[in-house]
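S.K.: fold the stuff below for me.
(2 chains)
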Number of protein chains: 2
Amino acid sequence: VKTLVSLGLKHEKDRLLVLDQTRLPSEELWLEAKTPADMVGMIRSLQVRGAPLIGVAAALSLGKLAERGAGRKELGSAAKALREARPTAVNLMAAVDRMAAASDPVLEAEAIFEEDVELSRLMAENGAAFIVDGDAVLTHCNTGGLATAGVGTALGAIRTAHGQGKRLHVYVDETRPLLQGARLTTWECAKHGIPFTLICDGMDGTLMRQGRIDRVFVGADRIAANGDFANKIGTYSAAVLASHHEIPFYCVAPRTTVDLSLPDGSFIPIEERGPEEVRRGWSPADAPVFNPAFDVTPADLLERLVLDSGAFTKKELKGGALKKRLVEADR
Amino acid sequence: VKTLVSLGLKHEKDRLLVLDQTRLPSEELWLEAKTPADMVGMIRSLQVRGAPLIGVAAALSLGKLAERGAGRKELGSAAKALREARPTAVNLMAAVDRMAAASDPVLEAEAIFEEDVELSRLMAENGAAFIVDGDAVLTHCNTGGLATAGVGTALGAIRTAHGQGKRLHVYVDETRPLLQGARLTTWECAKHGIPFTLICDGMDGTLMRQGRIDRVFVGADRIAANGDFANKIGTYSAAVLASHHEIPFYCVAPRTTVDLSLPDGSFIPIEERGPEEVRRGWSPADAPVFNPAFDVTPADLLERLVLDSGAFTKKELKGGALKKRLVEADR
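M.R.: Residues are numbered from 1 along each chain as shown, chains lettered A, B, ... in the order given. The predicted model follows:
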């Protein structure tokens, strides 16, 4: 058994630990996921989150179960529960399916972790190439080391550009309702010494109008075959605003986020979550709420879709480049 | 001395009371404004808020001071402090200037209150005419009976349409950072039996894309001569999104919100507030923050600017209709 450590996961000989992301930044509390059922709860409650990371975490919890000698049947029912823990991020389903087909689940889980680190590295480098010295970059939600096993997706690209010595400033959308930007992206930026400013989601437009945003970088939870993608609620609004202000908009994700079985974004299932995340105690207790966790951004609004294997323009996406590339990669 | 009562103000023989809007909806606490200095504090802290209402409240506090026999000099310095309490809403400055010029400040303050009620009634009727039976209307911030002495501006129009028997549904932006939508607009809608759904600001785009918003109604804190207007931060983003989705966007305000001395919106001073309103305890305590309280929406994005004296298209605004109308009204 390999020791594998990322910003939000620790895989050790005897245990699997998850950094409770709902407690950040005020407290760094590590929770043990003793069983896949624990992990289902942690994924549902967003103690572990980020499309790539929940795939890796689910795989490791199945690996641990196999390590303890569980049979095919037990592994299968655990896999089913994990698969259904969150409906939008396809990385989770992809990782669980891979585990179900693996001859050695322990090795497979470790491989999924290590591959995710490598996918992060590659896409972050591909994304960083689009960031210019002096840029102010707007980002939404958290897409860094807390969202993957590696350096991250969109925030990984920003961190990589920063590491290359490019001077940049990050505007961080707080990302209501669950405040992943306010709580997690600020924490990561501070940790890595990347200059940032926290804003409310409704401030994007005014910053863009003032010419203070050069580029927008976001991640994805599922990408359809035509390049349309689901990401944290608020992403679509930011994309429309960027388009209106002619600011280039980039989505950075690993190949594991692509779902070629869906022709376009309208087929992506969107998770709706409970009203308390929006009400939070300051609204009337019985206020009716609409709380979709994700929205879909059409590929038309993209300057580039950046994958680990390279970047695509909207024209290339329209021409089916995504399918072609991934099918080639599978050969 | 007249007894004057609105949803957020009570002017009685011996005292002036303000409903503390920072405590709503969990608590209905009335605070006494014994002096204009008290009122300055209440306006700064948003215990009393809404562009028209802070003008009325400031006038009444000066009226009370005059009632207690204050001289010109004392009134003048109180007026100066009130005038500077918030920099964006021009109603405050207009009401204070009117008080300074009045021969009888007590009567003048009462007149300002009663005129604001009448302006609300008129603009709400003018706005309601654009709302169609069956409409879903998106609104931002709070623009109802808590924002004026009367029925309100944008929410006043919605309430008037509802009172006319039009079936409608209100989508309420929570309006970060200070949550006037989540706390106040929901409370008013529930009070008046208007069906509503609370959403986060970043959900506007996805609702529009799904075809679930027929119209957007907002208020204003200052309107320039060309129809550009400042309103609660997030308004501009909603206006761009509405334009992208071809959804008509309406701004409803009284004539007291118009500042003909400013040729366009770029001249409107925008208040920046402290970082804690954004950080709120869940972000890193030292996270750098940008917190503009307002943004400016260009008149180009408007379907109609609705005043008490009628409604204007963007073409009419471009032709200088606003100045013409208000100068006529002054004759």
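
S.K.: got the contact list for residue A:255?
M.R.: A:119, A:307-309, A:326, A:329 (CB atoms under 8 Å, 6 or more residues apart in numbering or on different chains). (Glycine included, C-beta is placed from N, CA and C.)

S.K.: same question, residue A:166
M.R.: Contacts for residue A:166 (CB under 8 Å, 6+ apart) come out as A:128, A:131-135.

S.K.: contacts only, for the residue in the stretch 1-150 of chain A that chain B sits nearest to.
M.R.: Distances between the stretch 1-150 of chain A and chain B by CB to the nearest CB are smallest at residue A:25, namely 5.1 Å. By CB under 8 Å, 6+ apart, residue A:25 lies in contact with A:183-184, A:186-187, B:283-284.

S.K.: and of those, the nearest to residue A:313?
M.R.: When these are compared for distance to residue A:313 (CB to CB), residue A:184 wins out at 30.3 Å.

S.K.: for the closest one, which three-state class applies?
M.R.: Assigned by DSSP: H, G, I helix; E, B strand; the rest coil, the conformation of residue A:184 is helix.

S.K.: isn't it right next to residue A:21, touching?
M.R.: Yes: the criterion here is CB atoms under 8 Å, and residue A:184 meets it with residue A:21 at 6.3 Å.

S.K.: which of these two has more residues huddled nearby?
M.R.: Neighbour comparison, residue A:184 and residue A:21: the larger count goes to residue A:184, with 29 against 26 (by other CB atoms under 10 Å in any protein chain shown).

S.K.: could you check the pLDDT of the more buried one?
M.R.: With respect to pLDDT, residue A:184 scores 98.

S.K.: and for residue A:289?
M.R.: Reported pLDDT for residue A:289: 98.

S.K.: with adjacent residues omitted, what lies nearest to it?
M.R.: residue A:275 (3.6 Å; CB to CB, 6 or more residues apart in numbering or on different chains).

S.K.: what parts of the stretch 51-200 of chain A come near chain B?
M.R.: A:171, A:173-177, A:179, A:182-183, A:186-187, A:190, A:195-200 (CB under 8 Å from any CB of the partner chain).

S.K.: quick one: which of the contacts of residue A:255 sit in strands?
M.R.: Per DSSP state E, strands hold the following members of the contacts of residue A:255: residue A:307.

S.K.: of the contacts of residue A:255 - the most surrounded one?
M.R.: Most surrounded of these: other CB under 10 Å gives residue A:307, at 28 neighbours.

S.K.: for the worst-scoring helix or strand of chain A on mean pLDDT, packing partners?
M.R.: Every helix and strand in chain A was compared by mean pLDDT, DSSP states H and E; the lowest is helix A:321-330, with a mean of 90. Here helix A:321-330 is seen to pack against strand A:310-312 when contacts are counted using 3 or more CB pairs under 8 Å, 6 or more residues apart in numbering or on different chains; DSSP states H and E.

S.K.: shaky segments in the stretch 1-150 of chain A?
M.R.: In the prediction, the stretch 1-150 of chain A carries no residues with pLDDT under 70.

S.K.: would you map the strands across it?
M.R.: Secondary structure of the stretch 1-150 of chain A (DSSP state E, counting those that start in this stretch): strands at A:4-5, A:9-11, A:16-19, A:30-32, A:136-139.

S.K.: which helix is the longest one in chain A?
M.R.: With secondary structure taken from DSSP state H, chain A has its longest helix at helix A:105-128.

S.K.: point out the other helices and strands that it packs with.
M.R.: strand A:4-5, strand A:9-11, helix A:51-67, helix A:90-101, helix A:154-163, strand A:249-252, strand A:304-307, strand A:310-312.

S.K.: which parts of that helix are buried?
M.R.: Applying a neighbour-count criterion of 16 or more other CB atoms under 10 Å in any protein chain shown, one finds A:105-106, A:108-113, A:115-117, A:119-120, A:122-128 buried in helix A:105-128.

S.K.: cool, and stretch A:3-21?
M.R.: In stretch A:3-21, counting by 16+ other CB under 10 Å, buried: A:4, A:6-11, A:16, A:18-21.

S.K.: that stretch vs chain B: in contact?
M.R.: No: using CB under 8 Å from any CB, stretch A:3-21 never reaches chain B; the gap is at least 12.5 Å.

S.K.: what's the span of that stretch, first residue to last?
M.R.: Terminal residues of stretch A:3-21 lie 21 Å apart, using CA to CA, to the nearest Å.

S.K.: same deal with stretch A:213-228?
M.R.: Rule used - CA to CA; the end-to-end distance of stretch A:213-228 is 23 Å.

S.K.: stretch A:137-146 too?
M.R.: Termini of stretch A:137-146 sit 19 Å apart (CA to CA).

S.K.: and it, how far from the chain's centre?
M.R.: Chain-centre distance of stretch A:137-146: 8 Å, with CA atoms, centre = their mean, to the nearest Å.

S.K.: repeat for stretch A:180-198
M.R.: Worked out by CA atoms, centre = their mean, stretch A:180-198 lies 16 Å from the chain centre.

S.K.: pull out the buried residues from it.
M.R.: Those would be A:180-190, A:192, A:194, A:196-198, for stretch A:180-198 by 16+ other CB under 10 Å.

S.K.: skipping its backbone neighbours, what lies nearest residue A:254 in space?
M.R.: residue A:119 (3.8 Å).
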